[in-house]
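[1] Sequence first, predicted model second:
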Amino acid sequence: MGYLRSTSFLIYADPKAGESKPSDADAAQRSADDAAKAAMKDLDTQIDVLALKAHTVEGITEEQVRSFAKDILKAKAKKTGPMMLTAEELTQIKSKYLKPDALYGVEGTPGHLLQMVFTAVVHYEAAESKANFQANIERLQGHEDQAWRTSHGVVRFGDDGRLGVNGVAPEYQWNEDKKDFEKTANADWAPRTAPALWVKVAEGGWAKDGHWGGHLQVTCRTEKGSWIESTDGWVKPKSAKGDPVSFYDMGDWYEIWQGTRDNGGKPLVIHNNGLRFVKDATPAKFNVQDGTKS
């Protein structure tokens, strides 16, 4: 449940609050490992069945079938990315166990049996690759969610005097002088990440049922001492005290309102990365991070 802050805090947009939580990298990898183990267990079962079939096929033994499967798996391990044995590589492996004139498409022949073993290994590889791909997607999604929560979603000062989000400089940007993309970190020519807004409830503080609010005053170096004002809807720092701001606890996030919900207030939304109070709009989702200083 929310509570009235007694120290400074920053505000950040949290559009995915209330939905699935950011993916945990370890959990994603465990899921991929479990799926790979299950695929390997299924492959072992198929190899056992096919190896026993060798007793009904003239010209090949159970041991040769198992050895062929091991050779295919060794060849797979030497590959990077999805296994794609060339026809020459596969023929070379098969030549250890088959005569040059062996038939592959005729059921009940050694060639057909080894082809079934190869197919089983390919299916295993596909299942393993799918599990790892899904784990990578979950990890990437987690990184994106975390980046938004910790950087891109943070409310920052804009060049136009308004407050907004997504004020983080890109990692790379086009350098017109050099006609190339370059890292923006510490580059004199590159844009800078806008400073984050820190505020405190300086006057008119109130709290009820997890909801709270009051007049917000800037506490960070940029515009320190200014008040959060939004007479025209756009949120910006001003020397004059503006309307009070209310934070409504929605469980996993806050709705932020100009004034109060039950007294003609306006919800806060994000419009072209800027913060704006708009009457009858769907409130955006926000959260706060507490500081240690008042």
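    Nice, thanks for sending it over. Numbers count the residues shown, from 1 in each chain.

[2] CA only for contacts and neighbour counts going forward, please
    Fine.

[3] How is residue 212 classified with respect to secondary structure?
    strand (DSSP: H, G, I helix; E, B strand; the rest coil).

[4] For residue 120, see how far away it is.
    62 Å (CA to CA, to the nearest Å).

[5] Next: residue 110.
    In terms of CA to CA, residue 110 sits 16 Å off from residue 120.

[6] Tell me which of the two has more neighbours.
    Per other CA atoms under 10 Å, whichever of residue 110 and residue 120 has more neighbours is residue 110, with 24 against 19.

[7] Now do the closest residue in space to the more buried one that isn't next to it in sequence against residue 78, distance only.
    Distances taken as CA to CA, 6 or more residues apart in numbering put residue 60 closest to residue 110, at 5.9 Å, once the chain neighbours are dropped. Separation of residue 60 from residue 78 (CA to CA) stands at 26 Å.

[8] higher neighbour count, the two?
    Legend: neighbour count by other CA under 10 Å for residue 60 and residue 78, higher for residue 60 (20 against 9).

[9] What are the neighbouring residues in contact with that one?
    Residues in contact with residue 60 (CA atoms under 8 Å, 6 or more residues apart in numbering) are 54, 97, 110.

[10] And for residue 282?
    Residue 282 neighbours (CA under 8 Å, 6+ apart): 267, 269.

[11] How is it assigned, secondary-structure-wise?
    coil.

[12] host element of residue 68?
    Using DSSP states H and E, residue 68 sits in helix 62-77.

[13] What residues of that helix count as buried?
    Across helix 62-77, burial judged by 16 or more other CA atoms under 10 Å covers 62, 64-66, 68-69, 72-73, 75-76.

[14] Quick check: next helix or strand after that helix?
    helix 87-94.

[15] Could you check the angle that following helix makes with helix 62-77?
    150 degrees (axes from the mean of the first three to the mean of the last three CA atoms, to 10 degrees).

[16] Determine how far helix 87-94 lies from the middle of the whole chain.
    Taking the mean of its C-alpha atoms, helix 87-94 sits 41 Å from the chain's own mean (CA atoms, centre = their mean, to the nearest Å).

[17] What average pLDDT does that helix get?
    The pLDDT scores in helix 87-94 average 82.

[18] Same question for stretch 271-287.
    Mean predicted confidence for stretch 271-287 is 93.

[19] next one: stretch 242-254
    On average, stretch 242-254 scores 93.

[20] now do the same end-to-end measure for it.
    20 Å.

[21] that older thread, adding distance to residue 202 and pLDDT as columns, could you present the buried residues of helix 62-77 in JSON lines?
    Shown next, in JSON lines, are those (distance: CA to CA, whole Å; pLDDT from 0 to 100):
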{"residue": "62", "distance to residue 202": "81", "pLDDT": "93"}
{"residue": "64", "distance to residue 202": "81", "pLDDT": "91"}
{"residue": "65", "distance to residue 202": "78", "pLDDT": "91"}
{"residue": "66", "distance to residue 202": "76", "pLDDT": "92"}
{"residue": "68", "distance to residue 202": "76", "pLDDT": "90"}
{"residue": "69", "distance to residue 202": "73", "pLDDT": "90"}
{"residue": "72", "distance to residue 202": "71", "pLDDT": "87"}
{"residue": "73", "distance to residue 202": "68", "pLDDT": "85"}
{"residue": "75", "distance to residue 202": "69", "pLDDT": "82"}
{"residue": "76", "distance to residue 202": "65", "pLDDT": "74"}
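
[22] burial of residue 166, as a residue count?
    20.

[23] okay, the angle between the host helix or strand of residue 39 and helix 62-77?
    Residue 39 belongs to helix 25-53 when assigned by DSSP H and E. Per the same axes, to 10 degrees, the angle that helix 25-53 makes with helix 62-77 is 150 degrees.
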